[in-house]
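S.K.: Return a 3D structure for these sequence lines:
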Amino acid sequence: MKAKELQGRTDEALNELEKSLANDISRAGFKNHTNRLNDTASIKRLRRDLARVKTILTQRKLAASEGK
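M.R.: So this is what the prediction gives:
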């Protein structure tokens, strides 16, 4: 997922995506430990996507607090 794609979403959508990605990371980690995960690179991609979402949310919070 690209950062530009995420910037067009609302805060609510990003919060839901954050929860979903965290859940997916947990599931992928469990599958990896039980040797049922075929694509181990997916964990890295999910973690980076989650970091992008959190970064955008933090930037928006900082921008909102500076605007007040």
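S.K.: so who does the residue positioned nearest the centre of the chain touch?
M.R.: The C-alpha lying nearest the average C-alpha coordinate of the chain belongs to L50 (Cα atoms, centre = their mean; 2.0 Å). Contact analysis of L50 by Cβ atoms under 8 Å, 6 or more residues apart in numbering lists E18, L21, A22, I25. Yep, even glycine has a C-beta here, placed from its N, CA and C like the rest.
S.K.: at 10 Å what do you get?
M.R.: Going by Cβ atoms under 10 Å, 6 or more residues apart in numbering, L50 touches M1, L17, E18, K19, S20, L21, A22, D24, I25.
S.K.: The lowest-mean-pLDDT helix or strand in the chain - contacts with which helices or strands?
M.R.: In the chain, the helix or strand scored least confidently by mean pLDDT, DSSP states H and E is helix 3-7, which has a mean of 93. The contact analysis (3 or more Cβ pairs under 10 Å, 6 or more residues apart in numbering; DSSP states H and E) places helix 3-7 against helix 11-33, helix 41-67.
S.K.: Now that helix: buried residues?
M.R.: L6 (16 or more other Cβ atoms under 10 Å).
S.K.: Only alpha carbons, please: show that helix as PDB.
M.R.: What follows is helix 3-7, C-alpha atoms only, in PDB (Å, rounded to 0.1, in the frame of the first residue of the first chain):
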ATOM      1  CA  ALA A   3       1.300   6.400   1.400                       C
ATOM      2  CA  LYS A   4      -0.500   8.500  -1.200                       C
ATOM      3  CA  GLU A   5      -3.300   5.900  -1.300                       C
ATOM      4  CA  LEU A   6      -3.600   6.200   2.500                       C
ATOM      5  CA  GLN A   7      -3.600  10.000   2.700                       C
END
